[in-house]
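Chemist: Build me a model from this:
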Amino acid sequence: MDRLQNIEAFVRVAQTQSFAEAARQLRVSRSVITTRIKQLEEYVGAPLFHRSTRMVRLSEVGQAYLLDCTELVGRANDIVDQMRDVSHSLSGTLRIHALPGLVLGNFGVLHSFRSAYPDIRLDLIVSDAVIDPIKAGVDCALQIFPPATTELIARHLFSVRRVFCATPQYLQGHGTPKVPRDLHNHKLGLYSGYPTRDQWTFHHDSEEVTLYLKASLLTNSVHLLREYALDHAGIVCLPTLVAEDAILKGDLRIVLAEHLLSSFWLSAVYAATSRNAFKLRLFIEHISSKFSRIPPWDAALIERGILPSRLVEA
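Modeler: Numbering: from 1, shown residues only. Sure thing, here's the model as predicted:
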């Protein structure tokens with residue numbers, strides 16, 4: 001019996017609450033997971049789970065030792081990774097969940113990590129969905145939402161600013177908003193995934209104005225919003241990460257530039273006891289080293305006077 005493999009199987013089943021999902025994440029068959037759990041239960045002389053056709057939940061013994069087992073698996077993987085690093089053969093797979101807005105058009109930072117560590121394979125899942133990294137079986141989620149549980153850690157990477165913008169053609173035909181309330185008179189494209197939902201707070205000098213905006217197009221894709229705006233269909237709210245190139249080219253124009261929206265932090269969210277802790281630390285430190293507090297897409301807009309240098313944090 002490989003005790004460490006069996007303990008890792010126990011940890012994955014506990015985290016995902018599923019034998020099938022644990023098998024998928026560990027790339028083995030479900031029967032292998034079942035056998036490993038059975039062997040471990042026989043060895044400790046107590047059931048680790050209560051099973052039914054609809055759910056899997058920890059037994060009293062399983063609950064008592066889950067944290068210790070999780071830390072043991074994470075530490076074991078960390079030691080192996082460090083041993084590989086010493087021998088110049090750091091390898092394996094990192095599963096990363098990332099927002100499309102970060103990856104599409106900004107792949108260079110990931111490419112430079114691959115160049116620095118060519119034997120580490122990136123398994124990159126690109127989606128606007130909000131996930132729990134543990135249940136999803138990924139090492140890290142690059143997202144704007146704070147951690148959902150105390151089992152997760154968030155490492156801030158850079159701020160994500162948002163601006164309202166439209167094409168010059170749309171503004172010429174429909175007018176340019178002068179104050180936030182003017183947005184009620186326009187067709188709006190809005191992102192559905194912000195933590196603030198339909199509530200939008202604008203900051204101007206020392207005043208705040210909060211509006212509830214109704215969208216003509218509501219979507220979880222900022223790239224679709226960008227296309228909606230470029231088709232002269234309305235005014236959209238985009239992160240500067242996605243809009244900067246079109247703004248600098250003059251294809252999009254920022255409106256209400258002095259009425260600032262709060263920004264969010266793009267963070268690396270991961271389990272406190274990650275099984276790939278050493279490789280993950282290298283990955284996060286590499287990304288952090290590529291960005292300052294003001295990321296390059298914001299710096300370009302600020303330098304040209306298109307975007308105020310002031311930042312309002314959520």
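Chemist: The residue nearest to residue 214 when sequence neighbours are not counted - how many residues pack around it?
Modeler: Using Cβ to Cβ, 6 or more residues apart in numbering and skipping residues adjacent in sequence, the residue nearest residue 214 is residue 188, 7.1 Å away. Every residue, glycine included, has its C-beta placed from N, CA and C. For residue 188, the count of nearby residues is 22 (other Cβ atoms under 10 Å).
Chemist: Same question for residue 23.
Modeler: 21.
Chemist: was I right about it contacting residue 30?
Modeler: Yes - contact criterion Cβ atoms under 8 Å: residue 23 and residue 30 qualify, at 4.4 Å.
Chemist: shared neighbours, the two?
Modeler: Applying Cβ atoms under 8 Å, 6 or more residues apart in numbering, one finds that no residue jointly contacts residue 23 and residue 30.
Chemist: The helix or strand where residue 268 lies pairs with which strands?
Modeler: Element membership for residue 268, per DSSP states H and E: strand 264-271. According to DSSP bridges, strand 264-271 forms sheet pairs with strand 140-143 (antiparallel), strand 152-160 (antiparallel).
Chemist: surely the residue nearest to residue 214 meets residue 233?
Modeler: No - using Cβ under 8 Å, residue 188 is not in contact with residue 233; the gap is 10.0 Å.
Chemist: shared neighbours, those two?
Modeler: Joint contacts of residue 188 and residue 233 (Cβ under 8 Å, 6+ apart) are 216-217.
Chemist: what residues are up against residue 187?
Modeler: 216-217, 233-235.
Chemist: Grab the nearest non-local neighbour of residue 277.
Modeler: Using Cβ to Cβ, 6+ apart, the nearest residue to residue 277 is residue 78, at 4.4 Å.
Chemist: Could you tell me whether the one you found really is in a helix?
Modeler: Yes - assessed by DSSP: H, G, I helix; E, B strand; the rest coil, residue 78 belongs to a helix.
Chemist: For it, report the pLDDT, please.
Modeler: Residue 78 is assigned a pLDDT of 71 by the prediction.
Chemist: same thing with residue 167?
Modeler: On the pLDDT scale, residue 167 gets 98.
Chemist: does the nearest residue to residue 213 once chain neighbours are set aside belong to a helix or a strand, and which?
Modeler: Setting aside the residues directly before and after it, residue 213 is nearest to residue 200 in space (Cβ to Cβ, 6+ apart), at 5.4 Å. Here residue 200, judged by DSSP H and E, is contained in strand 199-204.
Chemist: What is that strand packed up against?
Modeler: If you count contacts as 3 or more Cβ pairs under 8 Å, 6 or more residues apart in numbering; DSSP states H and E, strand 199-204 packs onto strand 207-212, strand 260-261.
Chemist: so which of those strands is the most packed in?
Modeler: When the helices and strands packed on strand 199-204 are scored by mean count of other Cβ atoms under 10 Å, the highest mean neighbour count falls to strand 260-261 (a mean of 20).
Chemist: what pLDDT, on average, does stretch 215-233 get?
Modeler: pLDDT averaged over stretch 215-233 gives 94.
Chemist: Check what contacts that stretch and list those residues.
Modeler: With contacts defined as Cβ under 8 Å, 6+ apart, stretch 215-233 is touched by 100-101, 104, 128-129, 165-167, 169-170, 173, 187-193, 234-239, 242-243, 246, 251-252.
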